[in-house]
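>>> How does the following fold in three dimensions:
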Amino acid sequence: MSTDPHNTPVTRGHGLLETFLSRMRARKANSLIPDELRQGAILDVGCGSFPFFLTHTNFKQKFAIDQLPASVPDEQITWHVRNLNETPSLPFKDGELSVITLLAVAEHIRPESLAAILKEAYRVLKPGGRVILTTPAGWTDSLLKFLARLGFVSREEIDEHVIGYSEPLLAWHFGRAGFAIDNFRVGTFELGMNLWAMAER
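Below you'll find the model as predicted:
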């Protein structure tokens with residue numbers, strides 16, 4: 001019996017708002033990707049066992065990387081299983097990708113591993129390619145823990161948060177990875193509770 005992807009949990013654990021929040025992240029990421037880049041390859045880093053965003057975006061080639069295998073195999077997505085906290089490298093050639101996304105994953109990664117992943121992103125992106133990242137704003141930590149206790153967001157996901165980010169800290173990380181400040185943008189969405197950042201190679 002095949003699994004219905006529409007009923008597949010989008011995150012580990014349970015939370016009444018998880019599917020809605022995944023849709024909001026996907027909408028924000030899609031709004032930052034120009035049509036010309038969609039003719040190339042996209043990599044979604046830390047997508048979870050069900051790659052919600054990749055199933056809701058159009059690209060010529062799609063890649064996923066996560067510590068978990070795919071819960072619903074998709075012939076349009078090439079999957080790589082890797083724990084990026086332990087092995088923060090990307091299995092791609094220099095300049096092979098057009099877009100890399102890290103949606104609600106940076107907060108789960110140790111800072112030194114995120115620094116290495118962003119350097120790898122700089123390496124594997126083609127000129128003009130983009131990295132797009134979303135993460136909860138650092139000030140929301142107590143609020144998210146409260147919402148997890150109420151069952152609105154996944155307690156399993158929230159309990160694994162390693163660090164909270166601010167706009168300046170994200171800019172610092174991207175700068176260390178080699179991205180020019182002129183090619184970096186950052187902002188908020190979801191009533192300021194989430195940050196988005198975009199850097200162009």
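>>> ok, how many other residues are close to residue 31?
If you count neighbours by other CB atoms under 10 Å, residue 31 ends up with 11. The C-beta positions use only the backbone N, C-alpha and C, and glycine is treated the same way.
>>> What of the one 10 residues further on?
Residue 41 has 21 neighbouring residues, counting by other CB under 10 Å.
>>> pretty sure residue 133 is touching residue 99, no?
No. Using CB atoms under 8 Å, residue 133 makes no contact with residue 99, being 11.5 Å away.
>>> Please tell me how far residue 121 sits from residue 61.
16 Å (CB to CB, to the nearest Å).
>>> who has more neighbours, the two?
For residue 121 versus residue 61, neighbours defined as other CB under 10 Å are more numerous around residue 121 (28 against 15).
>>> The more buried one contacts residue 99, correct?
No. Using CB under 8 Å, residue 121 makes no contact with residue 99, being 10.0 Å away.
>>> what's downstream of the helix or strand of the chain with the lowest mean pLDDT, the next helix or strand?
Least confident helix or strand, the chain: helix 155-159 with a mean of 72, by mean pLDDT, DSSP states H and E. Next helix or strand after helix 155-159 toward the C-terminus (DSSP states H and E): helix 167-176.
>>> If we go by neighbour counts, what in that next one is buried?
Neighbour-count burial for helix 167-176, with 16 or more other CB atoms under 10 Å as criterion, is recorded at 170, 171, 173, 174.
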